[in-house]
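Enquirer: Pasting a predicted model and its sequence here:
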Amino acid sequence: MSSRTQVISDVQAKTEDLKSSNNAKDVVDLDDLRKAIPAHCWKPSYLISFSYLFRDLALAGSAMALAYTYIPQVENQWVRYALWALYGYVQGLFMTGIWVLGHECGHMAFSPSTLLNNTLGFILHSLLLTPYFSWQSSHRRHHIYANNLSKDHNYVPPQRSEYLASLIVEIKKVEELTEDSPIVIIIRILIQQIFGFPWYLATNITASEGSLHGPQSKAVLGNSHFLPTSTLFRPEEAHLILLSDLGLAATAFCLWYTGTLIGFSTMALLYIQPYMWVNHWIVAITYLHHTHPSLPKYEAEAWTFLRGATATIDRDFGWIGRHLMHNIIEYHVIHHLFSKIPFYYGEEATNAVIPLLGDDYHVDRTNPFLPGIWESFTKCQWVEPDDASKEAKDRIMWYKAGPVPPPETSMGIKKWL
């Protein structure tokens, strides 16, 4: 039995003991969970955090230097193509790890210093063409309103009527639906994985209209992460949005200038290729955390912070997830409960709260990346309440299967290709 399996087994045993205890609370609140977590888990360590950052930068820098120096010298073009493709994949993993560290900065989990966190996060995310302060703002609200169908920012599913209206063929009843062919599902997955993150940044796609601070805009980039006057942000955030844009512009200039020195094709192979992998992993990680047949969603009347935070799922990406992506996949539930806990304490904090959460803790260690994507795409297209006769405050929404709708072009279920 592996150490991880043993930990899960021990935690399950503790959970059963807790449930049978006469002293156990019927309802666990956020304060109970907070008290169960060891005190040191709340304290970011400069030494540990910077050791991970320097390691990731060294890996990415070494990979880029080796690829630039040696791959062009390979005479066989097919071997050279294969090596460039391998480099792109591996470097994409290293760069995703760096992106995750920038994400830690955005949650103030990298260090005890707010100034250092924001400075470092701004640099790291700008280098990876992510608008740091803009994304930090919308991502913070995703955490506040996670799985709230009226206000969440990420992968808000449609309900029955919206879902039926989104399909190309006019269908009035879900009973009339037929399954998609595998090739349709594969194409739709590829569209999401390739274009999902930049399209979300540009249009706030997959978010609810309640995620905006004002009426939905019809202007170009009016609901985006790039416009200082975007409906996504409060007026007092405009200078931070502009600063984020300047960070992107500086990176774009550096890429252009590098292209003039080493050639734009070489620059694309060294940077753009792994950057596309980073986009893919950001979308895959976020989608798989919040889309699973066992996860509930909530209407505004039934939603609470604790309900929303626990309606996410821990998955297992093996060695890559643990060592290159900093446990963002393996311990995401605790991240939604307490986002300021550094990732290197995620496992310990998770094991501390599982006995209290009991059945409200969701985990899937059986479906890694590809099976998980396929399951979510085929079984999680829309939601409906467990009992429509209940009052809204008592309803829980559950995923239902159905054909994959055509790709959205902007925020809002009715704006489809």
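Expert: Alright, I've got the coordinates.

Enquirer: tell me the domain ranges of this structure?
Expert: Listed by automatic domain parsing, the domain ranges of the chain are 1-82+92-128+314-361, 146-298+368-417.

Enquirer: ok, how many other residues are close to S265?
Expert: A count of neighbours around S265, defined by other CB atoms under 10 Å, yields 10. Yep, even glycine has a C-beta here, placed from its N, CA and C like the rest.

Enquirer: mind checking how far it is from I272?
Expert: As judged by CB to CB, to the nearest Å, S265 and I272 stand 10 Å apart.

Enquirer: now do A67
Expert: Here the criterion is CB to CB. By it, A67 lies 13 Å from I272.

Enquirer: between those two, who's got more neighbours?
Expert: Neighbour tally, A67 and I272, criterion other CB under 10 Å: the higher count belongs to A67, 22 against 15.

Enquirer: Next, format the domains of the chain as TSV and append distance to R307 and mean pLDDT.
Expert: Output for these, formatted as TSV (distance: least, CB to CB, whole Å; pLDDT from 0 to 100):
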stretch	distance to R307	mean pLDDT
domain 1-82+92-128+314-361	8	88
domain 146-298+368-417	6	87
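
Enquirer: quick one: which of those domains is nearest L306?
Expert: Among the domains of the chain, domain 1-82+92-128+314-361 comes nearest to L306, with 5.7 Å by CB to CB.

Enquirer: next one: the closest one to chain centre, how far?
Expert: Here the centre of mass of C-alpha atoms in domain 1-82+92-128+314-361, compared against the chain's by CA atoms, centre = their mean, to the nearest Å, lies 12 Å away.

Enquirer: any idea which element the residue located most distally from the centre of the chain lies in?
Expert: Largest separation from the mean C-alpha position in the chain: E75, at 40.1 Å (CA atoms, centre = their mean). Assessed by DSSP states H and E, E75 sits outside every helix and strand.

Enquirer: Would you mind measuring from it to L83?
Expert: Counting by CB to CB - E75 and L83 are separated by 12 Å.

Enquirer: where does the most centrally placed residue in the chain fall, helix, sheet strand or coil?
Expert: Computing the C-alpha centroid of the chain and ranking residues by CA atoms, centre = their mean puts T286 first, at 2.4 Å. Following DSSP: H, G, I helix; E, B strand; the rest coil, we place T286 in the helix state.

Enquirer: Was I right to think it contacts A146?
Expert: No - counting by CB atoms under 8 Å, T286 does not reach A146; the two are 11.2 Å apart.

Enquirer: shared neighbours of the two, anything?
Expert: Common contacts of T286 and A146 (CB atoms under 8 Å, 6 or more residues apart in numbering): N154.

Enquirer: of the domains of the chain, which approaches R140 most closely?
Expert: Among these, domain 1-82+92-128+314-361 comes nearest to R140, with 7.8 Å by CB to CB.

Enquirer: Which parts of this protein are strands?
Expert: With DSSP state E, the ranges of strands along the chain come out as 296-297, 314-315, 363-364, 382-385, 397-400.
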